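**Student:** all I have is the shape, not the residue letters:
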C-alpha cells in the first residue's frame, strides 16, 4: 500500500482556455454541488471497482475506495484570450441549454479568466485581445507563475489541465532536449516553444501537476519531463479520448482478438465548434491527425500479424462545418475479411456532443492527477492512458491504446495504491477476474 496524503482543504483546478469544454465542466460541477444532476460519464464518481474474488462481492465506487478530492471542495480558475465570464462563454459555446446555465448563473458569473499567453501564429484561426505581453517567453512564464500563486490563496493544492485550442504541429527539436536548453529558448523567444509549453513549465515550476488535453507537443518533451522529475510533479497527456477515437479503441481490439483481418479503416469527422474552426488550419489539423492516426498501428500490431494487417489503409479526415456546432458527427467505414478471406464491412455513425464527452474526462484527470501528487508519484502517469488518444509513456516502451488494457491498468494501479490484490483474467478459482 502506498502512503497517500489525505485530500484536506480545497483543490484548485486551473484551466487554460475557457471555451466549450471548460465551461461545460464548470457548469456541470457547480450543478453537482447543488445536487441538480448526476455525474454521468465520470469514472471517478460513478464506476465501481472489484476487490478480491468475484464471490467476495466487494464493489465500492472508486471515489469511495481511493482518497479523492470531493467535488464540493473544487474551485476553478481560468485563462482565456477573451474577457468574458464563464456564463457568457458558456452561452456562446452553445453546448448547454440556457435553462441549465441559469441554474448556476451566479457561480458562473463569478469566474472571469486571467489574461492568456497567446500567439496567433500557433493557433491561426483565433485572435484575441485579452492576452499577456512581455519581453520574452520566460517573462510570460513568470506571469503565469504569479497567477498561480495568486490563485493558491485559500487552497491546499492545485492541478492544471490544458483545455485550450489545438496548436500547430511541432516535432521535438534541440530546444526541447534538456531543461537548460528549454529555459534558454524561453529567454530567446524560440518559435518552437508553444504557449502550452509555457503554461506547463510555469505549472511544474510551481509544483502543480500538469495534464495536456490537446494533441500538440506540450509536456511530452525531454525538458519538461526532466523538470517534472526534479520538482516531484506528476504529468500526463495527451489529447482527450472522446468521440471517434474512443469508439476506435473499443472496436479495434475486438476485431484483433478474433483474428479478423482488416484492409482499411476510413474515418471522417464533422464538427463546427471552436475546435473545428481551429482545426480548419492545416498546421493545427496535422497535430490532431497525427494523434488520431497512430491508434490502430499500436492496437493491431501489424508487424506481429502481417497476414491480417500489413496492408491496412487507414485514413482520417476532419471537416469544419459551422452548422454542426458542438454536435460532432463521426463516420467510420471498415473493410474486414474473415474465414477463407471472405470480405465483410462494418459502418459506424456516432453523433455526439464533444464537450459532453470531454468534461467528465477533465474532472477525472484532475482528481486522479491530484491523487498521484499526494501519493508521491512523479513524472509520466502512464496509468491514465485510458483517457488519451496519444498517451504518454516511457521512451523504452510503446504507448498502449487498447481501451480494455488501459482500463485494467487504471484499476490495478488504484488497487496497488490501496494495498489490494491486482486482478488477472484467467478466470478460475486460483485467479481473480475483473
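**Tutor:** In hand now; what should we look at? Quantities reported herein were computed from a predicted structural model and do not represent experimental measurements.
**Student:** next one: phi and psi at residue 264?
**Tutor:** phi -160, psi 150 (degrees, to the nearest 10).
**Student:** domain assignment for the chain?
**Tutor:** What automatic domain parsing lists as the domains of the chain is 11-240+356-417, 244-353.
**Student:** which of those domains is buried the deepest?
**Tutor:** domain 11-240+356-417 (a mean of 20; mean count of other C-beta atoms under 10 Å). For every residue, glycine as well, the C-beta is placed using N, CA and C.
**Student:** can you check the distance spanned by stretch 56-72, start to finish?
**Tutor:** 32 Å (C-alpha to C-alpha, to the nearest Å).
**Student:** need the contact partners of it.
**Tutor:** 4, 6-7, 11, 29, 32-33, 39, 43-52, 363, 367-368, 370-371, 374, 414, 417-418 (C-beta atoms under 8 Å, 6 or more residues apart in numbering).
**Student:** straight-line length of stretch 208-215, end to end?
**Tutor:** 21 Å.
**Student:** sketch out the low-pLDDT regions of the stretch 151-300 of the chain for me.
**Tutor:** 291 (pLDDT under 70).
**Student:** the helices in it, which residues?
**Tutor:** Secondary structure of the stretch 151-300 of the chain (DSSP state H, counting those that start in this stretch): helices located at 179-187, 195-205, 222-230, 244-257, 274-278, 282-300.
**Student:** distance to residue 77 added to the ones you listed, as JSON lines?
**Tutor:** Below are the helices of the stretch 151-300 of the chain laid out as JSON lines (distance: least, C-beta to C-beta, whole Å):
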{"stretch": "helix 179-187", "distance to residue 77": "23"}
{"stretch": "helix 195-205", "distance to residue 77": "12"}
{"stretch": "helix 222-230", "distance to residue 77": "21"}
{"stretch": "helix 244-257", "distance to residue 77": "28"}
{"stretch": "helix 274-278", "distance to residue 77": "20"}
{"stretch": "helix 282-300", "distance to residue 77": "25"}
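**Student:** nearest to residue 423, out of these?
**Tutor:** Smallest distance to residue 423 across these (C-beta to C-beta): 17.8 Å, for helix 244-257.
**Student:** elements contacting that closest one?
**Tutor:** Helices and strands touching helix 244-257, by 3 or more C-beta pairs under 8 Å, 6 or more residues apart in numbering; DSSP states H and E, are strand 261-271, helix 282-300, strand 327-337, strand 343-353, helix 403-417.
**Student:** now tell me what touches it from outside.
**Tutor:** With C-beta under 8 Å, 6+ apart, helix 244-257 has contacts from 241, 262, 265, 267, 269, 292, 295-296, 299-301, 305, 308, 330, 332, 334, 336, 346, 348, 350, 357, 389, 401-406.
**Student:** swap the cut-off to 6 Å and go again
**Tutor:** Applying C-beta atoms under 6 Å, 6 or more residues apart in numbering, the external contacts of helix 244-257 come out as 267, 269, 292, 295-296, 299-300, 330, 350, 389, 401-404.
**Student:** out of those residues, what pair is the most spread apart?
**Tutor:** 269 and 404 (23.5 Å).
**Student:** for the closest residue to residue 277 other than its chain neighbours, give me its contacts.
**Tutor:** Spatial nearest neighbour of residue 277, excluding adjacent residues (C-beta to C-beta, 6 or more residues apart in numbering): residue 125 at 5.0 Å. For residue 125, the contact set (C-beta under 6 Å, 6+ apart) comprises 277-278, 280-281.
**Student:** so residue 125: helix, strand or coil?
**Tutor:** coil (DSSP: H, G, I helix; E, B strand; the rest coil).
**Student:** confidence score at it?
**Tutor:** Looking at residue 125, its pLDDT reads 79.
**Student:** how about residue 393?
**Tutor:** So, for residue 393, pLDDT stands at 93.
**Student:** among the contacts of stretch 56-72, name the ones in helices.
**Tutor:** Assignment to helices by DSSP state H places the following of these there: 29, 32-33, 43-46, 363, 367-368, 370-371, 374, 414, 417.
**Student:** and stretch 177-190, how far out from the chain middle?
**Tutor:** 26 Å (C-alpha atoms, centre = their mean, to the nearest Å).
**Student:** for stretch 381-391, that is, sorry about that
**Tutor:** 8 Å.
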